[in-house]
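**Q** Predicted structure and sequence below. I'll ask about it afterward.
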Protein chains: 2
Amino acid sequence: MRFLSETTTNGVTGRDFVHDGVPGVLWTPAATDAPSPLVLGAHGGGQHKRAPRSVDHAARCVAAGMAVVTLDAPAHGERPRSAEDERMVAGIRSRVAAGQDAGELVAEYNASLARQAVPEWRSVLDEVLELPEISSGGGAGFWGMSMGSVIGIELVAAEPRVVAAVFGLVGRTEQLALAAAGVTVPMRFLLQWDDQLIAREAGLAMFDAFASREKALHANPGGHGDVPEGEICSAVAFLAERLGVGRLGTE
Amino acid sequence: MRFLSETTTNGVTGRDFVHDGVPGVLWTPAATDAPSPLVLGAHGGGQHKRAPRSVDHAARCVAAGMAVVTLDAPAHGERPRSAEDERMVAGIRSRVAAGQDAGELVAEYNASLARQAVPEWRSVLDEVLELPEISSGGGAGFWGMSMGSVIGIELVAAEPRVVAAVFGLVGRTEQLALAAAGVTVPMRFLLQWDDQLIAREAGLAMFDAFASREKALHANPGGHGDVPEGEICSAVAFLAERLGVGRLGTE
């Protein structure tokens, strides 16, 4: 893991790094030396590691006492797109432009990106948990909506160091349901009741598929991009609580 | 409104009263003279104004800086049952005993109780909001699950002094959907994902029916009686926030 540059805004330090060719940012509190528990923050489709939503979410997590790592997903941000990526993206765009349902193609593409992203996340987790500014004893949290959830569901099913997760804005597919049957950590699942991209039934069926005994569905009115701020704050608080922030003796 | 007796447990004072023949309890903090915003707490079917869940909920609300009023619903607690009540209750019991679906009969009975309960709640609200220990400027909150929601949805649709509500554990009926179309306050709707009394589809359709722009569905695994403690705490915090507890200048 090679750190490249550092910016500090409003008490949050973002350090760009590259690990095995994957660019990412580690977000930590600027003002403290105490180790913070880690949240893995996976962006949505078409976004990147420093997209405004990712930066905003990282800042909220840092304010709540956690550190965050964000990565450019495969074929996103600074990362190259293969000819196959270009073909898939063009196919999705042309379906959308023609007013056709691109859901199946998006699901297929996201699944292929997840296959690539899961080992990347696990390898980054190996490295970041070794850093002195990160507390590793209590495990890590996961946050990711939409494409970030497709990656996250596969990741959390495979990765025992993730102990709490917030997923959302994703519909059931056979493959995701299979992965979700291996997710057993406390979790939240966010849906938008009027999501133009995720059919309500598919979203509810996805929630149903998680094996976690402690899981909560939170649905709010509005479209795919309209998750209310309060829901995001509440999810950050959920992760902080699950990662033992403020609890005596976690370090 | 006639106060009858008073008990104080763990810093919560419960004062039994009767108003127009309806027995109730007003729950307030024992230790303060400052006025508290009010929550109307409606119990579920077969319960009463001092049932353990109502007492527990009232204590949580008081701990969060609010006062609570609970009432015996018609034909519940200390209140008489008419021959018609006995007939309905016997009909529900015999269907349940025979392993038949009693949902329609329960909905019909609850609707008839709500018709009676709504003017009772409104009249009690008139009185309680005049008490010096209650702050009336910011409006009141509502909490009620199951039968308490059947009453509450009709009440909140009719009563502009209720400014935030938590409903749940109730399925859509034509009549409730009609009332819910008149509910516009910020609200939460709680469902249990494995509710043996409320079909999942009916619960989701009920959530859909509310007109509130700010509404959130929270669903958790488990049966009708298994709403997680964390969800109840979170709902209390939601009401406190909406009633301006801790906000400067609400009094």
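**A** In hand now; what should we look at?

**Q** which parts of stretch A:97-110 are buried?
**A** A:102, A:103, A:105, A:106, A:107, A:109, A:110 (16 or more other Cβ atoms under 10 Å in any protein chain shown). Where C-beta positions appear, they are placed from N, C-alpha and C, glycine not excepted.

**Q** cool, and stretch A:222-241?
**A** Neighbour-count burial for stretch A:222-241 [16+ other Cβ under 10 Å]: A:227, A:228, A:231, A:232, A:234, A:235, A:236, A:238, A:239, A:240.

**Q** What about chain B: which of these touch it?
**A** A:228, A:231, A:234 (Cβ under 8 Å from any Cβ of the partner chain).

**Q** Where helices are concerned, which of these count?
**A** A:231, A:234 (DSSP state H).

**Q** Take the buried residues of stretch A:97-110 and lay them out in a markdown table including distance to chain B.
**A** Formatted as a markdown table, the buried residues of stretch A:97-110 follow (distance: Cβ to the nearest Cβ, whole Å):
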| residue | distance to chain B |
| --- | --- |
| A:102 | 26 |
| A:103 | 21 |
| A:105 | 28 |
| A:106 | 24 |
| A:107 | 23 |
| A:109 | 29 |
| A:110 | 25 |
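
**Q** Among those, which are located in helices?
**A** Going by DSSP H, the helices hold A:103, A:105, A:106, A:107, A:109, A:110 from the buried residues of stretch A:97-110.

**Q** which bits of the stretch 1-150 of chain A sit near chain B?
**A** So the stretch 1-150 of chain A never meets chain B (Cβ under 8 Å from any Cβ).

**Q** Quick check, pLDDT for the nearest residue to residue A:78 once chain neighbours are set aside.
**A** Closest residue to residue A:78 apart from its sequence neighbours, by Cβ to Cβ, 6 or more residues apart in numbering or on different chains: residue A:23 at 4.9 Å. Here, the pLDDT recorded for residue A:23 equals 98.

**Q** how many neighbours does residue A:220 have?
**A** Residues contacting residue A:220 under the criterion other Cβ atoms under 10 Å in any protein chain shown number 18.

**Q** ok, it touching residue B:216?
**A** Yes. With contact defined as Cβ atoms under 8 Å, residue A:220 reaches residue B:216; the gap is 5.2 Å.

**Q** thinking again about what came up before, ok, the buried residues of stretch A:97-110 vs residue A:185, which is closest?
**A** residue A:110 (21.3 Å; Cβ to Cβ).

**Q** Report pLDDT for that closest one.
**A** Reported pLDDT for residue A:110: 96.

**Q** In space, what's closest to residue A:139 - neighbours in sequence excluded?
**A** residue A:163 is the one closest to residue A:139 (Cβ to Cβ, 6+ apart), at 3.3 Å.

**Q** For the one you found, pull up the helix or strand it's in.
**A** strand A:162-168 (DSSP states H and E).

**Q** and that strand, what other elements does it pack with?
**A** Counting contacts by 3 or more Cβ pairs under 8 Å, 6 or more residues apart in numbering or on different chains; DSSP states H and E, strand A:162-168 packs against strand A:140-144, helix A:147-158, strand A:187-192, helix A:229-242.

**Q** what's the angle from the second one to strand A:162-168?
**A** Calculated by axes from the mean of the first three to the mean of the last three Cα atoms, to 10 degrees, helix A:147-158 forms an angle of 150 degrees with strand A:162-168.

**Q** Could you do the third one as well?
**A** With the same axes, to 10 degrees as the basis, strand A:187-192 and strand A:162-168 are set at 10 degrees to each other.

**Q** what's strand A:187-192 in contact with?
**A** A:145, A:156, A:164-169, A:198, A:200, A:203-204, A:206-207, A:210, A:212, A:214-224, A:226-227, A:231, A:235, A:238 (Cβ atoms under 8 Å, 6 or more residues apart in numbering or on different chains).

**Q** ok, now the last one?
**A** Outside of helix A:229-242, the residues within contact range by Cβ under 8 Å, 6+ apart are A:39, A:57, A:60-61, A:64-66, A:141, A:143, A:163-164, A:166, A:186, A:188, A:190, A:218, A:220, A:246, B:216, B:234.

**Q** pLDDT weak spots in chain A?
**A** Applying pLDDT under 70 to chain A picks out residues A:247-251.

**Q** go with 50
**A** Where chain A drops to pLDDT under 50, the residues are A:248-251.

**Q** so where do the helices sit in it?
**A** A:52-63, A:83-97, A:103-128, A:147-158, A:174-180, A:200-209, A:229-242.

**Q** What is the burial count for residue A:83?
**A** Residues near residue A:83, counting by other Cβ under 10 Å: 7.

**Q** Setting aside sequence neighbours, what's the nearest residue to residue A:125?
**A** residue A:161 (6.1 Å).

**Q** now the farthest one out in chain A, which residue is it?
**A** If you look at how far each residue of chain A sits from its centre, by Cα atoms, centre = their mean, the farthest one is residue A:98, at 29.9 Å.

**Q** Regarding that one, what are the backbone dihedral angles?
**A** With angles defined as degrees, to the nearest 10, residue A:98 sits at phi -90, psi 0.

**Q** how far away is it from residue A:43?
**A** 27 Å (Cβ to Cβ, to the nearest Å).

**Q** if I read this right, residue A:244 contacts residue A:138, doesn't it?
**A** Yes. At 4.7 Å, residue A:244 counts as touching residue A:138 under the criterion of Cβ under 8 Å.

**Q** Flag every residue of the stretch 151-251 of chain A that's near chain B.
**A** So the stretch 151-251 of chain A meets chain B at A:193, A:204, A:207-208, A:213-221, A:228, A:231, A:234 (Cβ under 8 Å from any Cβ).

**Q** ChimeraX command for the buried members of these?
**A** To isolate the buried subset of those in ChimeraX, counting by 16+ other Cβ under 10 Å, use the following:
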select /A:193,204,207,208,214,215,216,217,218,219,220,221,228,231,234
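
**Q** Out of the residues of the stretch 151-251 of chain A next to chain B, which is nearest to residue B:70?
**A** residue A:216 (26.7 Å).

**Q** quick one: contacts for that closest one?
**A** Contacts of residue A:216 by Cβ under 8 Å, 6+ apart are A:187, A:188, A:189, B:218, B:219, B:220, B:228, B:231.

**Q** can you tell me the residue of the stretch 51-200 of chain A closest to chain B?
**A** Proximity of the stretch 51-200 of chain A to chain B (Cβ to the nearest Cβ) peaks at residue A:193, 7.4 Å away.

**Q** separation between that residue and residue A:223?
**A** Residue A:193 is 9 Å from residue A:223, by Cβ to Cβ.

**Q** Kindly report the same for residue A:19.
**A** With Cβ to Cβ as the criterion, residue A:19 and residue A:223 are 35 Å apart.

**Q** still on that earlier bit, any residues in contact with both of residue A:220 and residue B:216?
**A** A:228, A:231.

**Q** what's the nearest residue to residue A:57 once chain neighbours are set aside in contact with, if anything?
**A** Spatially, and ignoring its direct neighbours in sequence, residue A:57 is nearest to residue A:41 (5.8 Å; Cβ to Cβ, 6+ apart). Taking Cβ under 8 Å, 6+ apart, we find residue A:41 in contact with A:54, A:57, A:58, A:61, A:68, A:69, A:70, A:143, A:144, A:148.
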